[in-house]
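**Q** give me a 3D structure for the following:
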Amino acid sequence: MSISRLSNSRLSCRMGLKMRPKKGNKSKIIEAAIDLFNKDGVGNVGTNRIAAHLQISPGNLYYHFRDKEDIIRAIFPEISAATEAALMINEPNLPGEAQLVAIAKNWMTVVWKYRFFYGNLVELLRNDPELRKLYGRRREATLHFIKSALLATRIREKQGKSPLDGESAMRLAINIWIIALNWIRYLQIDKSDAEISEAEITDGAHQIFALLEPYLDEQAAVILRESFK
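**A** Below you'll find the predicted structure:
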């Protein structure tokens, strides 16, 4: 190779490196997407809007993500990790009755933070088979964890009743899941997404408690009621 070609090759290489977007752009794109999706709705925010918000070129965005669906799939592990933390899934011991209110409140806080996802859940999953598979695995893991936690608390035994069996515990776990993830859809019946407040979404924790209360002994129920004050 001639000296001139070698010089041109090196120059092109240097230019290519300079033209590549910064590594930090990927996390910035995800953060901006979450903010814009929550503020204006998933359907009203495209990749060009996200790029403009960050003052980067669409090409910089496409360096990291193929399309909007790709961005949402990249957000999902963050949602999944936040859910695990809220439910204390990775703690060495299963949560007890005294922690139920904190868990419910933390879970609904996750729903608020990613309200664009839960508020459009059906549409997002229908439009993205890959996301649906990821969500399905998270749902099954969470349901089995809730079931195990319910069985560990032995809540009905403390009332002198027969304990929950595995089937009953799973049904209760599914109902808790349905309330937690669909409370926002209930609120959307009467309000636009922009009108729904954080307090209204986190109030879903009361609905979860109302579902659990009949299974608690009076002492535990009083303690948990006080936790809401």
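**Q** quick check: what element follows the worst-scoring helix or strand of the chain on mean pLDDT along the chain?
**A** In the chain, no helix or strand scores lower on mean pLDDT, DSSP states H and E than helix 3-19, which sits at a mean of 42. Beyond helix 3-19 in the direction of the C-terminus, DSSP states H and E gives the next helix or strand as helix 25-40.
**Q** for that next one, name the packing helices and strands.
**A** Applying 3 or more C-beta pairs under 8 Å, 6 or more residues apart in numbering; DSSP states H and E, one finds that helix 25-40 makes contact with helix 47-54, helix 58-64, helix 68-87, helix 115-119. To be clear about C-beta, it is placed using only N, CA and C from the backbone, and glycine gets the same treatment.
**Q** now the first one against helix 25-40, angle please.
**A** This means helix 47-54. 100 degrees (axes from the mean of the first three to the mean of the last three C-alpha atoms, to 10 degrees).
**Q** now helix 47-54, how far from the centre of its chain.
**A** 23 Å (C-alpha atoms, centre = their mean, to the nearest Å).
**Q** okay, the angle between that helix and helix 68-87?
**A** Going by the same axes, to 10 degrees, helix 47-54 makes 70 degrees with helix 68-87.
**Q** what's in contact with the top helix by length along the chain?
**A** Counting by DSSP state H, the longest helix found in the chain is helix 129-153. By C-beta atoms under 8 Å, 6 or more residues apart in numbering, the surrounding residues in contact with helix 129-153 are 69, 72-73, 76, 80, 83, 87, 89, 94-97, 124-126, 163-164, 166, 169-170, 172-174, 176-177.
**Q** now a ChimeraX select for only the buried ones of the residues you listed.
**A** Restricted to buried positions by 16 or more other C-beta atoms under 10 Å, the ChimeraX selection for those reads:
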select :72,73,76,80,83,87,89,95,97,124,125,164,169,170,172,173,176,177
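**Q** nearest the geometric middle of this protein, what residue?
**A** The structure's the chain has its C-alpha centroid closest to Ile79; by C-alpha atoms, centre = their mean the separation is 3.1 Å.
**Q** give the contact list for the closest residue to that one other than its chain neighbours.
**A** Leaving aside its sequence neighbours, Ile79 sits nearest to Tyr114 (C-beta to C-beta, 6 or more residues apart in numbering; 5.0 Å). When contacts are counted by C-beta under 8 Å, 6+ apart, Tyr114 touches 34, 38, 75, 78-79, 82.
**Q** of these, buried ones?
**A** 34, 38, 75, 79, 82.
**Q** number of nearby residues for Pro129?
**A** Neighbourhood size, Pro129 [other C-beta atoms under 10 Å]: 9.
**Q** then the one 10 residues further on?
**A** Per other C-beta under 10 Å, the neighbour tally for Arg139 reads 13.
**Q** again, but for Asp40
**A** Asp40 is flanked by 14 other residues according to other C-beta under 10 Å.
**Q** and it, how far from Leu211?
**A** Asp40 sits 33 Å away from Leu211, going by C-beta to C-beta, to the nearest Å.
**Q** distance between the ends of stretch 122-131?
**A** End-to-end distance for stretch 122-131, by C-alpha to C-alpha, to the nearest Å: 11 Å.
**Q** distance from that stretch to the middle of the chain?
**A** Chain-centre distance of stretch 122-131: 15 Å, with C-alpha atoms, centre = their mean.
**Q** next: stretch 42-62.
**A** Here the centre of stretch 42-62 is set off from its chain's centre by 22 Å, with C-alpha atoms, centre = their mean.
**Q** for it, the averaged confidence score.
**A** The average pLDDT within stretch 42-62 is 95.
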